[in-house]
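>>> Kindly return the folded structure for what I paste below:
(one chain, ligands or ions: 1)
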Amino acid sequence: MSFQAPKGTFDWLPPRSERVLAVREALAAPLRRAGYGYIETPVFEDTQLFARGVGESTDIVSKEMYTFPDKAGRSLTLRPEGTAPVVRAVLQHNLHNGQLPVKVWYSGSQFRYERSQKGRYRHFWQVGAEALGAEDPALDAELIVLGARGFASLDLKQVRLLLNSLGDKNCRPAYRAALQEFLRGLDLDDDTRARIEINPLRVLDDKRPEVQAQLAGAPLVVDHLCADCRAYHEEVRALLTASGVTFEDDPRLVRGLDYYTRTTFEFVHDGLGSQSAVGGGGRYDGLSEMLDGPPLPSVGWALGVDRTFLAMEAEGLLGDDTAPRRVQVYGVPLGDDARRRMFLLVDELREAGVSADLAFGGKGLKGAMKGADRSGARFALILGERDLAAEAVQVKDLATAEQTEVPLAQVVDVLKEKVQ
Ligand code: AMP
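Numbers count the residues shown, from 1 in each chain. From the prediction side, this is the model:
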């Protein structure tokens with residue numbers, strides 16, 4: 001059997017691949033307008049960056065990383081998320097010594113060895129944004145609004161925003177202790193019991209119905225927020241409301257990464273079944289210090305491009321993409337001299353802003369005209385030996401079958417006019 005893409009991965013092929021590029025662009029556009037600069041970090045990093053930054057007790061680090069030794073024996077990991085690499089880059093290049101907050105966005109592949117299913121892949125794409133070095137509820141609200149604007153610009157109607165606060169280093173310990181006490185009294189398996197001691201908030205995120213049923217009376221972090229965290233959260237909520245971005249308070253929202261503090265949020269889509277999160281993020285005030293940096297209170301999010309695409313499909317927003325309009329003009333050269341001339345003409349058209357392709361592989365008239373039809377072009381340019389001698393080319397309108405002769409010297413201008 002021939003090769004297949006590895007399990008949990010897939011190929012983006014034309015014409016859908018064009019649409020996914022457009023989705024990435026649309027999610028990034030609001031960030032650019034808000035002064036976020038583009039950052040690109042390596043696809044692999046020192047394994048310890050994720051072990052420390054994301055947290056040893058998380059599923060990502062304990063089960064899902066693609067870790068390998070390089071030829072010199074260093075342990076490297078394909079990035080499972082973008083925040084720890086961005087913080088690493090900011091610290092390494094001292095960006096935090098300049099204007100704060102440092103605002104950056106990224107777009108790239110992430111890798112997690114997950115159980116693959118629809119909407120959950122081992123290689124997927126995120127557009128992400130991070131604002132580092134400011135503790136300001138307006139910054140949390142700004143990022144959330146920019147995410148919501150990105151989804152709205154794609155005409156998505158069924159994206160809901162869930163919002164919570166996880167408290168900070170002052171109030172979270174007391175909450176954590178209260179939660180642990182509650183959880184220790186439940187009937188849970190050994191793995192989950194172990195998790196109570198390491199990362200009890202994550203138990204709230206357990207999706208199994210038998211666990212969820214027991215969690216009904218669990219203490220909620222909102223009831224344990226200190227005055228500062230409460231005021232901060234109220235301000236974020238007020239700014240979102242004033243911006244017209246609707247949200248739902250979700251006191252049980254915790255996220256799979258260890259570094260979150262205060263504001264946490266998730267964008268979910270109701271048409272996606274169990275893998276409903278199309279994006280998420282929050283504030284991570286302690287991450288920089290976990291990576292040996294100075295205190296750098298920060299907030300960020302990552303939106304899942306593949307799932308956003310599925311959400312658009314679920315809402316019927318992709319339309320019919322079986323008949324792509326790939327190019328506007330298609331060259332049909334007949335004979336070797338004509339092929340050389342057509343090669344140059346197509347180049348001239350492209351340089352003039354007209355998309356153009358030509359028949360390759362020495363096809364005859366019939367085969368080349370079939371290519372013209374398939375290309376989605378509106379006009380075919382037919383160039384035979386006799387046309388060449390007359391310094392002219394036949395321009396065939398493929399919609400009306402009308403054919404006119406145009407001097408070669410004028411055809412670029414004529415087509416520029418026609419395709420507008
Ligand atoms: P996270 O980095 O886990 O907060 O994820 C942020 C967003 O990335 C999620 O809301 C999803 O839309 C997307 N995402 C996370 N994991 C996967 C995956 N395995 N496959 C596809 N998309 C994912």
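>>> residue of the stretch 251-400 of the chain with the smallest distance to the ligand?
Closest residue of the stretch 251-400 of the chain to the ligand, Cβ to the nearest ligand atom: Gly304 (2.1 Å). From N, CA and C alone the C-beta is placed, and that goes for glycine too.
>>> Got phi/psi on that residue?
For Gly304, the backbone dihedrals (degrees, to the nearest 10) come out as phi -80, psi 110.
>>> Where does the closest residue to it other than its chain neighbours sit, in terms of helix or strand?
Nearest non-adjacent residue to Gly304, counting by Cβ to Cβ, 6 or more residues apart in numbering: Val278, 5.6 Å away. Using DSSP states H and E, the secondary-structure element containing Val278 is strand 277-283.
>>> any residues touching that strand, and which ones?
128-129, 140, 143, 147, 151, 159, 166, 255, 260-269, 272, 297-304, 307-308, 311 (Cβ atoms under 8 Å, 6 or more residues apart in numbering).
>>> is the host helix or strand of Val20 up against the ligand anywhere?
Assessed by DSSP H and E, Val20 sits inside helix 16-33. No. Helix 16-33 stays clear of the ligand (Cβ under 6 Å from any ligand atom), getting no nearer than 10.9 Å.
>>> Could you tell me which strands sit next to the helix or strand following that helix in the sheet, and their orientation?
As assigned by DSSP H and E, the chain's next helix or strand after helix 16-33 is strand 37-38. Here strand 37-38 has these sheet partners by DSSP bridges: strand 102-111 (parallel).
>>> Just the angle for the strand it pairs with relative to helix 16-33, thanks.
Computed by axes from the mean of the first three to the mean of the last three Cα atoms, to 10 degrees, the angle separating strand 102-111 from helix 16-33 equals 160 degrees.
>>> Strand 102-111: which residues count as buried?
Residues 102-108, 110-111 are the ones in strand 102-111 that count as buried (16 or more other Cβ atoms under 10 Å).
>>> Next, please give the residue ranges for the helices of the stretch 1-150 of the chain.
For the stretch 1-150 of the chain, applying DSSP state H, counting those that start in this stretch gives helices covering 16-33, 47-53, 59-63, 83-92, 137-153.
>>> What is the shortest one packed up against?
What that stands for is helix 59-63. Secondary-structure packing of helix 59-63 (3 or more Cβ pairs under 8 Å, 6 or more residues apart in numbering; DSSP states H and E): helix 47-53.
>>> again with the fourth one
Applying 3+ Cβ pairs under 8 Å, 6+ apart, one finds that helix 83-92 contacts strand 44-46, helix 47-53, strand 102-111, strand 123-132, helix 287-290, strand 298-304.
>>> okay, now the closest residue to Glu135 other than its chain neighbours: neighbour count?
In space, and not counting its chain neighbours, Glu135 is closest to Pro297: 4.0 Å by Cβ to Cβ, 6+ apart. Look at Pro297: counted by other Cβ atoms under 10 Å, it has 22 neighbours.
>>> what does the one 10 residues further on give?
By the criterion of other Cβ under 10 Å, Arg307 has 26 neighbours.
>>> That one contacts Leu272, correct?
Yes. With contact defined as Cβ atoms under 8 Å, Arg307 reaches Leu272; the gap is 6.4 Å.
>>> so what sits against both of these two?
With Cβ under 8 Å, 6+ apart, Arg307 and Leu272 have common neighbours 119, 278.
>>> Could you show which parts of the stretch 251-400 of the chain are in contact with the ligand?
Close to the ligand, as judged by Cβ under 6 Å from any ligand atom, the stretch 251-400 of the chain has residues 256, 277-280, 302, 304, 306-307.
>>> Identify the farthest-apart pair in these.
Gly256 and Asp306 (17.3 Å; Cβ to Cβ).
>>> SS state for Glu348?
helix (DSSP: H, G, I helix; E, B strand; the rest coil).
>>> residues in contact with the spatially closest residue to it that is not a sequence neighbour?
What sits nearest to Glu348 in space, not counting adjacent residues and going by Cβ to Cβ, 6+ apart, is Val412, at 5.3 Å. Contacts of Val412 were listed using Cβ under 8 Å, 6+ apart, and they are 345, 348-349, 352, 354.
>>> cool, and Asp306?
Applying Cβ under 8 Å, 6+ apart, the residues near Asp306 are 20, 119, 121, 124-125.
>>> so which helix or strand takes in it?
Counting by DSSP H and E, Asp306 is found in helix 305-314.
>>> Which strands and helices lie in contact with the helix or strand following that helix?
Remark: after helix 305-314, the chain's next helix or strand is strand 329-333, criterion DSSP H and E. Packing partners of strand 329-333 (3+ Cβ pairs under 8 Å, 6+ apart): helix 336-351, strand 356-358, helix 365-374, strand 379-383.
>>> Could you please name the strands strand 329-333 pairs with and the direction of each pair?
strand 356-358 (parallel), strand 379-383 (parallel).
>>> Where does Arg262 sit: helix, strand or coil?
strand.
>>> For the stretch 1-150 of the chain, give the residue positioned nearest to the ligand.
For the stretch 1-150 of the chain, Cβ to the nearest ligand atom, closest residue to the ligand: Phe124, 3.5 Å.
>>> In this structure, where is pLDDT below threshold?
Where the chain drops to pLDDT under 70, the residues are 256-258, 320-325.
>>> Recalculate using a threshold of 50.
Scanning the chain for pLDDT under 50 picks out no residues.
>>> care to break it down by domain?
16-171+225-314, 329-418 (automatic domain parsing).
>>> hmm, back to that, Glu197: which of the helices of the stretch 1-150 of the chain is closest?
It's helix 59-63; of the helices of the stretch 1-150 of the chain, that one is closest to Glu197 (Cβ to Cβ) at 14.5 Å.
>>> ok so, going back, which of the helices and strands packed on helix 83-92 has the highest mean neighbour count?
Highest mean neighbour count among the helices and strands packed on helix 83-92 (mean count of other Cβ atoms under 10 Å): strand 298-304, with a mean of 26.
>>> Before I go, just wanted to say thanks for your time.
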